[in-house]
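In: Okay, structure incoming, though there's no sequence with it:
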């Protein structure tokens with residue numbers, strides 16, 4: 001499974017980070033660290049979803065990751 005890690009250590013570092021406001025089971029505002037994508041064993045992930053992103057948020061994250069990896073969108 002490929003993941004983008006979260007942190008509650010918030011900094012303004014666009015496009016490396018994407019801010020997600022607290023919602024559902026995500027209790028604090030958090031930054032997705034788009035420059036830290038990694039593969040993890042699916043067994044390391046819990047069975048509960050922390051939060052759901054909107055379609056627009058997913059598009060913004062995809063764009064940032066594409067920029068970081070030098071892919072064209």
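Out: Arrived safely. As the structure is a prediction and not an experimental result, all values here were calculated from the model.

In: which intervals of this protein have sub-threshold pLDDT?
Out: 71-73 (pLDDT under 70).

In: where exactly do the strands run in it?
Out: Here the chain has its strands, by DSSP state E, at 2-3, 6-7, 17-20, 30-33, 38-39.

In: in its sheet, what does the second one sit against?
Out: I take that to be strand 6-7. Partners of strand 6-7 in the sheet, by DSSP bridges, are strand 30-33 (antiparallel).

In: What is the distance between the partner strand and the centre of its chain?
Out: A distance of 5 Å separates the centroid of the chain from that of strand 30-33, by CA atoms, centre = their mean, to the nearest Å.

In: got the contact list for that strand?
Out: Applying CB atoms under 8 Å, 6 or more residues apart in numbering, the contact partners of strand 30-33 are 4-11, 13, 16-20, 22, 61. C-betas here are computed from N, CA, C, even on glycine.

In: let's go with 7 Å and repeat that
Out: Contact with strand 30-33 is made by 4, 5, 6, 7, 8, 10, 16, 17, 18, 19, 20, 61, as judged by CB atoms under 7 Å, 6 or more residues apart in numbering.

In: separation between the closest residue to residue 17 other than its chain neighbours and residue 43?
Out: Excluding the flanking residues, the one nearest residue 17 by CB to CB, 6 or more residues apart in numbering is residue 31, at 4.2 Å. As judged by CB to CB, to the nearest Å, residue 31 and residue 43 stand 25 Å apart.

In: Of these two, give the one with the bigger neighbour count.
Out: Between residue 31 and residue 43, counted using other CB atoms under 10 Å, the more crowded position is residue 31 (19 against 6).
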